[in-house]
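Peer 1: Dropping the sequence and predicted coords here.
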Amino acid sequence: MRVIDIIKQADKTLFSFELLPPLRGNSIASIYKVIDPLMDFNPSFINVTYHQEEVVYKKHPSGLLEKKTIRKRPGTVAISAAIKNKYTSVEVVPHLICGGFSKEETEYALIDFHYLGIDNILALRGDAPKNLRAFQPEGNGHSYANDLVSQIAEMNNGKFLDDEMQHTFKTNFCIGVAGYPEKHIEAPNMATDLTYLKKKIDAGAEFIITQMFFDNTKYFSFVDACRKEGISVPIIPGMKPICTMRELTALPQIFYIDIPERLSKEIQKCTSNEDVFKAGIEWGIEQSKELLDNGVPVLHYFTVGISENIRQIAKAIF
Ligand code: FAD
């Protein structure tokens, strides 16, 4: 079922979460370990992130470094299929990125998703690999997410890349895109970022999932600004409870977001990571309650391999 239809049919705020494929070498059981404790709260959909190849340097006993290109977290397509098969009541939203994909490879991936009966895609550009300063599209690949959205929308209209092909089916993907309540790092200002967000919606996206934020006022202002821009699709708040002391500085560095002073003071008072974990849950409950009271369509949580904190938040909310 398409996410937009699930949201339209719902008479209350829904629950969903995002999963990271396990690091290469770990079994799919580690994914089920994250999902199982959250199934009691009837998630409406589960997102599965997509990870591009990255350059790593492997040290040999001689001290020489070998440059290798690997995918640390493969398996998005297979994990999406496995979830659909094992948890039949839940929809899956695999992520698809521009980075590393030519338009043809994008089409192949979308055909695979369609054959697997997957109805939803979160269309993203992807970040620059760690060894590059700026995002580089693949030869004949997309430079921005709005182009990827357009390609998916074309397939929904039965239009594939090769015009001469005999097309016997149309895909029916509900397309989601990312939004940034605190602005995307590369955008010169919020107004420009919103112009491009609108471009993704105009290209065919039907819902937005936001980057994590810890201050609800940022989300509320973002929604207001989107509405003024003429963006009327559901805007799903994305949240991640803080788990460790290190995240206090790591999350702003990785995701270009602020941690409110009241939360950072609470975390700094903690004397162990167990205390930080508890403080993260308390903040998550408070944040979720306020969003719920304001009638958000879905509360969406980034699990990052851990579900105990989200289980406790969901228990207090749903
Ligand atoms: P875009 O919408 O293409 O925007 C990128 C930048 O370019 C922005 O600054 C925007 O203002 C600007 N821009 C957009 N369109 C144009 C245009 N036509 N012309 C000029 N400028 C333009 N990354 C992954 O690799 N895998 C994942 O699974 C993943 N999941 C994510 C899930 C969520 C909910 C979020 C919020 C992010 C996720 N990301 C993921 C990270 C995302 O790929 C990065 O934030 C990336 O840098 C931007 O992706 P985007 O789709 O927002 O890009």
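Peer 2: Received it, and whenever you're ready, just let me know what you need. This structure is a prediction, so every number in the text was calculated from the model and none was measured.
Peer 1: Please name the residues that touch the nearest residue to residue 155 once chain neighbours are set aside.
Peer 2: In this structure, residue 155 finds its nearest non-sequential neighbour in residue 171, 4.5 Å apart by CB to CB, 6 or more residues apart in numbering. C-betas here are computed from N, CA, C, even on glycine. For residue 171, the contacting residues are 110, 114, 152, 155, 156, by CB atoms under 8 Å, 6 or more residues apart in numbering.
Peer 1: tell me which element the fourth one is part of?
Peer 2: In this case it means residue 155. Using DSSP states H and E, residue 155 sits in helix 145-156.
Peer 1: Give me the three-state assignment for residue 123.
Peer 2: Per DSSP: H, G, I helix; E, B strand; the rest coil, the secondary structure class of residue 123 is strand.
Peer 1: Just the CA atoms of the following helix or strand past the helix holding residue 155, as PDB, please.
Peer 2: Next helix or strand after helix 145-156 toward the C-terminus (DSSP H and E): strand 174-179. The C-alpha trace of strand 174-179 is given here as PDB (Å, rounded to 0.1, in the frame of the first residue of the first chain):
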ATOM      1  CA  CYS A 174       4.500   6.600  -3.900                       C
ATOM      2  CA  ILE A 175       7.500   8.800  -3.800                       C
ATOM      3  CA  GLY A 176       8.800  10.500  -0.600                       C
ATOM      4  CA  VAL A 177      11.700  13.000  -0.400                       C
ATOM      5  CA  ALA A 178      13.900  14.500   2.400                       C
ATOM      6  CA  GLY A 179      13.300  17.900   4.000                       C
END
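Peer 1: Pull out the buried positions in strand 174-179.
Peer 2: Judged by neighbour count using 16 or more other CB atoms under 10 Å, the buried positions of strand 174-179 are 174, 175, 176, 177, 178, 179.
Peer 1: Make sure I have this right: residue 72 is in a helix.
Peer 2: No. Applying three-state DSSP, one finds residue 72 to be coil, outside a helix.
Peer 1: isn't it right up against residue 23?
Peer 2: Yes. Using CB atoms under 8 Å, residue 72 is in contact with residue 23, at 5.8 Å.
Peer 1: Check residue 131 and give its pLDDT.
Peer 2: If you check residue 131, the pLDDT there is 79.
Peer 1: residues in the stretch 51-200 of the chain within reach of the ligand, list them.
Peer 2: 52, 95, 97, 124-127, 144-146, 178, 184, 186-187, 192-193, 196, 199-200 (CB under 6 Å from any ligand atom).
Peer 1: pLDDT weak spots in the stretch 101-250 of the chain?
Peer 2: 166-167 (pLDDT under 70).
Peer 1: so where do the helices sit in it?
Peer 2: In the stretch 101-250 of the chain, the helices defined using DSSP state H, counting those that start in this stretch lie at 103-115, 145-156, 190-203, 216-228, 247-255.
Peer 1: Single out the most deeply packed of these.
Peer 2: Of all the helices of the stretch 101-250 of the chain, helix 145-156 has the most neighbours on average by mean count of other CB atoms under 10 Å, namely a mean of 22.
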